[in-house]
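Q: Pasting a predicted model and its sequence here:
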Amino acid sequence: MSNIYLGYHFTIEPKEPGSEILIAELGEKAFETFTETETGISAYVKKDLWDENILDDIYILESEEFKIEYTVEEIDQVNWNEEWEKNFEAIDVDGKCHVRAPFHEKTDAEFDIVIEPKMSFGTGHHETTHMMIQHLLEMDVEGLKTLDMGCGTAILAILAEMKGAQPIDAIDIDNWCYLNSIENAERNNCKHITVYEGDAALLAGKKYDLIIANINRNILLNDMQSYVNSLNPKGIILFSGFYEEDIPFIDASCTEKGLTYVKKFQRNNWVSLKYVN
């Protein structure tokens, strides 16, 4: 099999949630790597696995809610490290936690997390991850049974283990994220993280002391009852993945279900909230 790829470069309006929806649909096809761009995403498929009907049945391309245009180019011998290096910036939180790819230099941060992202991050990834890390750095999580819901690359699960939380479940509905989380947990020598592919239905009958949910407003609101049902008395929930104007909706749902607001972080209109049971 040759190493020649076809790169599809999509321009998407509005970019979010269009990018996330398009990645989810393309992931069902032969596309195997995605990177975020200023105006949308780029998706890559091996030429040997490509056919002219590859974009058939991609529903978002027919949706009137989004304007999507794309160009295609043939790429010989894709250097994925170079692609990731262009599209992934290290995250530094107060000099205490450094999230980096293998090609970034190691710092003297107390918590050094190395991940190798296999796909793009949605808009706001750095802001929301940064704030969730801030919450975790402030907390004593030693021995807490923890859930990282919508784990993505498992950055937050990995930090939780580094700070003493265990056991930890990490769940994501996306197969790419599921596989990447397993790889990243192993890369950081984590022994107490179990990764699952699925959604909030997996939470039935489970209980946690700490729930981390960095997803988006609609999913959080839809699954809020499942989170609350899975939270032990005096348990803690950390939320992010939404904007300041979404706070009233999140807060109303949390309050209605008996949670108590504790504090907020904010970065570039993205917010992260902490609640206790």
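A: It's in.
Q: okay, CA-based contacts and neighbour counts for the rest of this
A: Noted.
Q: Kindly check the end-to-end length of stretch 186-198 for me.
A: With CA to CA, to the nearest Å as the measure, the ends of stretch 186-198 fall 20 Å from one another.
Q: what comes up buried for that stretch?
A: Buried residues in stretch 186-198, defined by neighbour count with 16 or more other CA atoms under 10 Å: 188, 190, 192, 193, 194, 195, 196, 197, 198.
Q: List of residues touching that stretch?
A: 113-115, 157-158, 161-162, 166-175, 178, 181-182, 185 (CA atoms under 8 Å, 6 or more residues apart in numbering).
Q: Now find how far off-centre that stretch is within its chain.
A: Stretch 186-198 sits 15 Å away from the centroid of its parent chain (CA atoms, centre = their mean, to the nearest Å).
Q: Provide a list of residues in contact with the closest residue to residue 50 other than its chain neighbours.
A: Leaving out its chain neighbours, the residue that sits closest to residue 50 by CA to CA, 6 or more residues apart in numbering is residue 30, at 7.1 Å. Contacts for residue 30 (CA under 8 Å, 6+ apart) come out as 45, 46, 49, 50, 54.
Q: cool, and residue 42?
A: 7, 8, 9, 10, 34, 35, 36.
Q: Out of those residues, grab the one that's most surrounded.
A: Neighbour counts for the contacts of residue 42 (other CA atoms under 10 Å) peak at residue 34, which has 25 neighbours.
Q: re earlier: in strands, which of the contacts of residue 30 fall?
A: The strands, defined by DSSP state E, take in 45, 46 from these.
Q: The contacts of residue 30, buried ones only, as a PyMOL selection?
A: Here is the PyMOL command that picks out the buried ones among the contacts of residue 30, judged by 16+ other CA under 10 Å:
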select buried, resi 45+46+50
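Q: quick one: which of the contacts of residue 30 is nearest residue 22?
A: Comparing the contacts of residue 30 against residue 22 with CA to CA places residue 54 closest, at 13.1 Å.
Q: Need phi/psi at the closest one.
A: Phi and psi for residue 54, reported as degrees, to the nearest 10, are phi -60, psi -30.
Q: give me the number of residues near the nearest residue to it once chain neighbours are set aside?
A: Leaving aside its sequence neighbours, residue 54 sits nearest to residue 29 (CA to CA, 6+ apart; 7.0 Å). The local packing of residue 29 (other CA under 10 Å) involves 16 other residues.
Q: returning to what we had before: save the buried residues of stretch 186-198 as a markdown table, and put in secondary structure and distance to residue 270 too.
A: Shown next, in a markdown table, are the buried residues of stretch 186-198 (DSSP: H, G, I helix; E, B strand; the rest coil; distance: CA to CA, whole Å):
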| residue | secondary structure | distance to residue 270 |
| --- | --- | --- |
| 188 | coil | 28 |
| 190 | coil | 29 |
| 192 | coil | 30 |
| 193 | strand | 27 |
| 194 | strand | 29 |
| 195 | strand | 27 |
| 196 | strand | 27 |
| 197 | strand | 26 |
| 198 | coil | 26 |
